[in-house]
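Trainee: sequence first, then the predicted structure:
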Amino acid sequence: MSEYTSLWVDEITSMYDKGTYDKEDSSKSVSIHRAPKFLKDLNEAAYIPRVVPLGLFHHRPTESPSEMDRRKMGAVLRMKKRLPLEKQQQFLHLFNDSFNSFIKSCYEEDIETENSFISWTCLLDGWFMLEILGVLDPAAENILDPVYNPNRIKSCQFDILCDFFILENQIPIDILVQLLKMEHADAPKKLYTMLLDTTTIIHPFLPKRFPEQEKPEWNEAKDGNLHEYKHILGVFHSFVSGESKPPKQPHTSRAAKKWKKWMTWSQKGQEENEEQQQFLESFITASASELFSSGLRFKSYYGIPSNEKITLRKQGATLTLPTLFITDTSEMIFRNLMAFEVFQADGHKEISYYVLLMNELIEEEKDVAVLRRAGVIQSSMGTDSQVATLLNGLCKGLNLQDLKEDPYIQIKMTLNKWYSSLPLVKLNLYLQQHPKLLKNIALFWAVALVIASASSSLYPLYQRYLTNAPNH
């Protein structure tokens, strides 16, 4: 037996004896993940920070602190000047083994590095994040170093904030709360409002500021303990996705339930066919431009997508959708929100289902043009073709097989029913289902045209014959 094989067997045996598969703690609760490989293969750059590496995945020890490390230390030194000596000692007490173990337990991968590096990295990142959020917060009262001039920060605010909300670029939210407690008594609420006011800069569904009717309210029972969010990407996801109600399931009568118990195998096969048909009907069968040319009108609103606001009004044929603001950072934002949803045990995939809905409405640039004229899409990134490519590309890699969880399934099925009831659509569908009939009709008209053409050629000859014929 080789040395490596022996070590492997010893470790597996130790796990079995201890009753745990984790090296350190069987109660390890991972909250900061690597982006899934099948998503990174589509666009790896979307999961890599552009300006500010945070946490332990994208920050490795070097011989000397980098320029960004020095900027982060500047935030800590400004904090040191503001805090009394007692609070400074409280900050230094965070450097202990239990704190390091907590940080390491939050990451999906085992971080093989010194504990002091782990502590300093996360604390530097934490103070830097709080200071940047404070700069971008209009209500902030920070005394800033000249290098952190608010105008200079705001000139690259998109890149900075996008880095803050990358899946692999997170630090535990508990660190931010503990640091903020040194200056604010109500740290969770302060952090929540800071994030609420600053994330509108990159919010894909709201213009600049939250409209009052859309502004999430502070919920002491839910948000007072921000530990549930694990990191600020989770908080941002709650701002962007909201909470859609589950789709209503069709009512099944008691007699129908009894009948199902006595179904034969053939009837079970028929039920599987019906489920397959329902699966196909749960996708929109016509693009936005086809729906528009058939009489459907689109209406927009400012706010997060939800199945209570995304509605289809049959009378007047109007589909209401949220306004989507598209910039050059939109792909990064959506990809990280969707990657975050992959790891949600509660099944909340509101962003993924919204992207799927838009993908079904948009096939080419003329579909984007229809939605843009209706105010459903506002883009600053280029042509309609680029927007269509972006939204279609986001759907690659999605695995949304359980369509019963799709909050928009009823809207899609109602829209398909409305579209298929149109006379011209019915005729087109009938001809597609009966290709022989279409061939026969085409053959009939071809023969008719040949006869008509022959008749038009022979008629003058016949007239001439009648004119020249001798009279009897």
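Mentor: Looks like it came in fine.

Trainee: distance of residue 445 from residue 188?
Mentor: Remark: distance between residue 445 and residue 188 (Cβ to Cβ, to the nearest Å) = 74 Å. No exception for glycine: its C-beta is placed from N, CA and C like everyone else's.

Trainee: which one's more surrounded, the two?
Mentor: A count of neighbours by other Cβ atoms under 10 Å puts residue 188 above the other of residue 445 and residue 188, at 21 against 10.

Trainee: now the residue nearest to residue 29 when sequence neighbours are not counted: how far from residue 34?
Mentor: Closest residue to residue 29 apart from its sequence neighbours, by Cβ to Cβ, 6 or more residues apart in numbering: residue 105 at 6.6 Å. Taking Cβ to Cβ as the measure, residue 105 falls 16 Å from residue 34.

Trainee: equivalent analysis for residue 117, please.
Mentor: Distance from residue 117 to residue 34, by Cβ to Cβ: 20 Å.

Trainee: ok so, going back, neighbour count: residue 105 and residue 34, which is higher?
Mentor: Ranked by neighbour count (other Cβ under 10 Å), residue 105 and residue 34 place residue 105 first, with 17 against 14.

Trainee: next structured bit after the helix or strand containing the more buried one?
Mentor: In this assignment (DSSP states H and E), residue 105 forms part of helix 97-106. Per DSSP H and E, the first helix or strand lying C-terminal to helix 97-106 is helix 115-136.

Trainee: between that next one and helix 97-106, how many degrees?
Mentor: Angle between the axes of helix 115-136 and helix 97-106 is 70 degrees (criterion: axes from the mean of the first three to the mean of the last three Cα atoms, to 10 degrees).

Trainee: by contact count, what packs against helix 115-136?
Mentor: Other helices and strands packing on helix 115-136, by 3 or more Cβ pairs under 8 Å, 6 or more residues apart in numbering; DSSP states H and E, are helix 67-82, helix 97-106, helix 150-155, helix 157-164, helix 173-181, helix 187-198.

Trainee: may I see these arranged in TSV, with distance to residue 328 as well?
Mentor: Putting those into TSV (distance: least, Cβ to Cβ, whole Å) gives the following:
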stretch	distance to residue 328
helix 67-82	22
helix 97-106	31
helix 150-155	15
helix 157-164	8
helix 173-181	28
helix 187-198	19
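
Trainee: right, so of these, which gets closest to residue 130?
Mentor: For residue 130, the closest of the helices and strands packed on helix 115-136 is helix 173-181, at 6.2 Å, according to Cβ to Cβ.

Trainee: for the closest one, list every residue counted as buried.
Mentor: Neighbour-count burial for helix 173-181, with 16 or more other Cβ atoms under 10 Å as criterion, is recorded at 173-181.

Trainee: wait, residue 180 touches residue 192, no?
Mentor: No. Between residue 180 and residue 192 there is no contact under Cβ atoms under 8 Å: 10.5 Å.

Trainee: one step back: pretty sure the residue nearest to residue 29 is touching residue 30, no?
Mentor: Yes. Taking Cβ under 8 Å as the definition, residue 105 is a contact partner of residue 30 at 7.5 Å.

Trainee: and the residue nearest to residue 29, how far from residue 173?
Mentor: Going from residue 105 to residue 173 by Cβ to Cβ gives 14 Å.

Trainee: kindly report the same for residue 396.
Mentor: Taking Cβ to Cβ, one finds residue 396 at 31 Å from residue 173.

Trainee: also residue 361?
Mentor: 35 Å.

Trainee: same question, residue 309
Mentor: Using Cβ to Cβ, we find residue 309 at a distance of 29 Å from residue 173.

Trainee: what residues of the helix or strand hosting residue 86 count as buried?
Mentor: Element membership of residue 86, judged by DSSP H and E, is helix 85-92. For helix 85-92, a neighbour-count test (16+ other Cβ under 10 Å) marks residue 91 as buried.

Trainee: measure stretch 370-384 end to end?
Mentor: The first and final residues of stretch 370-384 sit 10 Å from each other (Cα to Cα, to the nearest Å).

Trainee: give me the contact list for it.
Mentor: Residues outside stretch 370-384 that contact it (Cβ atoms under 8 Å, 6 or more residues apart in numbering): 288-289, 292, 297-300, 321-328, 330, 361-362, 365-366, 368-369, 387, 390.

Trainee: list the buried residues of that stretch.
Mentor: 370-372, 374, 376-377, 379, 384.

Trainee: just the ones of those in strands?
Mentor: Taking DSSP state E as the definition of strands, the buried residues of stretch 370-384 contribute 377, 379.

Trainee: looking at the buried residues of stretch 370-384, spot the one nearest residue 453.
Mentor: Among the buried residues of stretch 370-384, and counting by Cβ to Cβ, the member closest to residue 453 is residue 370, at 42.0 Å.

Trainee: against residue 377, how distant is the closest one?
Mentor: The gap separating residue 370 from residue 377 is 9 Å, by Cβ to Cβ.

Trainee: also residue 313?
Mentor: Distance, residue 313 to residue 377, using Cβ to Cβ: 20 Å.

Trainee: likewise for residue 330?
Mentor: Residue 330 is 11 Å from residue 377, by Cβ to Cβ.

Trainee: same thing with residue 106?
Mentor: Counting by Cβ to Cβ, the gap between residue 106 and residue 377 amounts to 37 Å.

Trainee: run through who's touching stretch 32-45.
Mentor: Contact partners of stretch 32-45, identified using Cβ under 8 Å, 6+ apart, comprise 47, 55, 57, 106-109, 167-168, 170-172, 230-231, 331, 335-336, 338-339, 342-343, 393, 396-397.

Trainee: try it again at 10 Å.
Mentor: With contact meaning Cβ atoms under 10 Å, 6 or more residues apart in numbering, stretch 32-45 is reached by 46-48, 55-57, 103, 105-109, 166-172, 230-231, 233, 331-332, 335-336, 338-340, 342-343, 393-394, 396-399.

Trainee: report the mean per-residue pLDDT for it.
Mentor: Mean pLDDT, stretch 32-45: 91.

Trainee: that one: which residues count as buried?
Mentor: The neighbour-count check on stretch 32-45 (16+ other Cβ under 10 Å) flags 32-33, 35, 39-40, 43 as buried.

Trainee: that stretch: how far from the chain's middle?
Mentor: Put simply, stretch 32-45 sits 14 Å off its chain's centre (Cα atoms, centre = their mean, to the nearest Å).

Trainee: repeat that for stretch 167-180.
Mentor: Relative to the chain's own centre, stretch 167-180 is displaced by 22 Å; criterion: Cα atoms, centre = their mean.
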